[in-house]
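Q: no sequence for this one, just the structure:
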Ligand code: DGY
């Protein structure tokens, strides 16, 4: 095991630039990504707390004046990535994209604190970080849930992090691609196009992006007018868990917490209503087209990570999860593998992702320890057997996408070392 731990640390250190870490060392993602950085910080916390905090501080340096923390920060302007900083044309202090990503920072900071990896000097820095995260959460509540329903919307599939999931197929169908749309994809020159989103999806990602840009990324206006507006179970589960952790952080640092406390109550009541008890499936709400989306996505099980109080409900979800992949050798596929939309090799349309396994493992730990341990073991074994890949086949374990993938390395470290009191 020591050998794998060493390799994982090496990957993180090799992918590290000045104060932040690339998602991989090849040319696919040459910038800093929001949730990647959160996961990466957790990995560093096991051996280099300074880098963990730097990773998050750099991300927060790019926070917008309105509170949003962007999904990408472009530190290096000479890359081959598309859409690059000129295509987005926005940012505060650092060039950035104009959308966000799953807000996992509060969760990561809380975990690092719980594991007592922070000294008093770090605590001053931490208070600043927590204030930044608080502003970020308030931005979500104000602009992504202006009706105060308890559930926030995403305005671009990229905001979910699971870009081309079949969850978005229906809302994406409605988006019209302008005839004069012009841009050049780069990702499918670096990775086999069979493992990446289709051109038609990319055309739509760029179309939505252009619309956001044309509206100067005005968050108030865009909630109503964006071409895409979906309430996603996975995203809201992460936000609910993050709010619960933020609440604890606010209390530790003596910061005002009533707004977050109230929002947690509302979310806890509302998110459960997205479950269809007859069909035994969670549904997403396509607010733009007033439709319901029923796709058996692994991200719905992020609900376990939200630690809902209702135990009977949690057990029901765990039972469903046991059927999600009952026939596959490698867990957990992003889409139930007997579903018509399942694709073994294409990005978020079927493959196993280590961050999904990690999130679900964290959600199961305090509810079904035996099952949690099974998922943990299978995840560790998969990485040991097949390497630190971006994603994997649930049938053969074969790795796809980027290699030396930072969050795979980081979360592998976390799974292996979570109970060890390693010296820093
Ligand atoms: C990409 O470039 O494929 C990213 O997933 C978008 O955030």
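A: Received, thanks. Nothing here was measured: the structure is a model prediction, and the numbers come from that model.

Q: interface residues of the protein facing the ligand?
A: 71, 158, 163, 187 (Cβ under 6 Å from any ligand atom). All C-beta atoms are positioned from the backbone trio N, CA, C, and that covers glycine.

Q: hang on, the second one in a helix?
A: Yes. For residue 158, which was evaluated using DSSP: H, G, I helix; E, B strand; the rest coil, the result is membership in a helix.

Q: Export the residues of the chain next to the ligand to JSON lines and append columns for neighbour count.
A: Shown next, in JSON lines, are the residues of the chain next to the ligand (neighbours: other Cβ atoms under 10 Å):
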{"residue": "71", "neighbour count": "23"}
{"residue": "158", "neighbour count": "22"}
{"residue": "163", "neighbour count": "18"}
{"residue": "187", "neighbour count": "19"}
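
Q: Which members of these define the maximum pairwise distance?
A: Spanning the widest gap among these are 71 and 187, at 15.1 Å by Cβ to Cβ.

Q: Residue 75 belongs to a strand?
A: No. Counting by three-state DSSP, residue 75 falls outside a strand, being coil.

Q: pretty sure it is in contact with residue 32, am I right?
A: Yes. Contact status for residue 75 versus residue 32: in contact at 6.2 Å, counting by Cβ atoms under 8 Å.

Q: Counting neighbours, go ahead and name the busier of the two.
A: When residue 75 and residue 32 are compared for neighbours, residue 32 comes out ahead with 27 against 19, by other Cβ atoms under 10 Å.

Q: Quick check, that one in contact with residue 56.
A: No. If you go by Cβ under 8 Å, residue 32 and residue 56 don't touch, sitting 10.7 Å apart.

Q: For the residue positioned nearest the centre of the chain, give its distance to residue 225.
A: For the chain, the residue nearest the mean C-alpha position is residue 102 (4.3 Å; Cα atoms, centre = their mean). Applying Cβ to Cβ, to the nearest Å, the value for residue 102 to residue 225 is 23 Å.

Q: neighbouring contacts of stretch 178-193?
A: 26-28, 80-83, 87, 196, 199, 202-203, 206-207, 210, 400-402 (Cβ atoms under 8 Å, 6 or more residues apart in numbering).

Q: again, only using 7 Å
A: 26-28, 80-82, 196, 202-203, 206-207, 401-402 (Cβ atoms under 7 Å, 6 or more residues apart in numbering).

Q: Ok, stretch 255-263 next?
A: With Cβ under 7 Å, 6+ apart as the criterion, stretch 255-263 contacts 134, 137-138, 141, 150, 243, 246-247, 250-251.

Q: per-residue confidence averaged over stretch 144-159?
A: Mean per-residue pLDDT for stretch 144-159: 98.

Q: Stretch 178-197 now?
A: 96.

Q: just stretch 372-383 next, same as before
A: In the prediction, stretch 372-383 has an average pLDDT of 98.

Q: Identify each buried residue in that stretch, please.
A: Buried positions in stretch 372-383, judged by neighbour count with 16 or more other Cβ atoms under 10 Å: 372, 375-376, 378-380, 382-383.

Q: returning to that earlier point: quick check: neighbours shared by residue 75 and residue 32?
A: In contact with both residue 75 and residue 32: residue 20, using Cβ under 7 Å, 6+ apart.

Q: Filter the contacts of stretch 178-193 down to the ones in helices?
A: Among these, the members falling in helices (DSSP state H) are 202-203, 206-207.

Q: State the pair within those residues that is farthest apart.
A: So, the ones in helices among the contacts of stretch 178-193 by Cβ to Cβ: farthest apart are 202 and 207, at 9.5 Å.

Q: The two: which has the busier surroundings?
A: residue 202 (21 against 18).

Q: Please name the nearest non-neighbouring residue to the more buried one.
A: Of all residues not flanking residue 202 in the chain, residue 185 sits nearest, at 5.6 Å (Cβ to Cβ, 6 or more residues apart in numbering).

Q: what are the phi and psi values for the one you found?
A: Backbone dihedrals for residue 185, given as degrees, to the nearest 10, come out at phi -70, psi 150.

Q: next one: residue 91
A: phi 130, psi 160.

Q: Next up, the contacts around it.
A: residue 62.

Q: In this structure, spot the helix with the most residues.
A: helix 120-144.

Q: Please point out which parts of that helix sit buried.
A: For helix 120-144, by 16+ other Cβ under 10 Å, it's 122, 126, 129-130, 132-137, 139-144.

Q: count of neighbours near the spatially closest residue to residue 302 that is not a sequence neighbour?
A: If the residues on either side of it in the chain are set aside, residue 302 comes closest to residue 237, at 3.9 Å by Cβ to Cβ, 6+ apart. For residue 237, the count of nearby residues is 27 (other Cβ under 10 Å).

Q: got it, and the one 4 residues further on?
A: The burial metric for residue 241, expressed as a neighbour count using other Cβ under 10 Å, is 27.

Q: what about it, distance to the ligand?
A: 22 Å (Cβ to the nearest ligand atom, to the nearest Å).

Q: gap between the helix or strand where that residue lies and the chain center?
A: Assigned by DSSP states H and E, residue 241 belongs to helix 233-252. Computed by Cα atoms, centre = their mean, to the nearest Å, the chain-centroid distance of helix 233-252 equals 14 Å.

Q: and that helix with helix 120-144, angle?
A: Between helix 233-252 and helix 120-144, the angle comes out at 130 degrees (axes from the mean of the first three to the mean of the last three Cα atoms, to 10 degrees).

Q: I'd like the mean pLDDT over helix 233-252, please.
A: Rounded mean pLDDT across helix 233-252 is 98.

Q: ok, back up a step: tell me who's in contact with the residue nearest to residue 302.
A: Counting by Cβ under 7 Å, 6+ apart, residue 237 has contacts 271, 302-303, 305-306.
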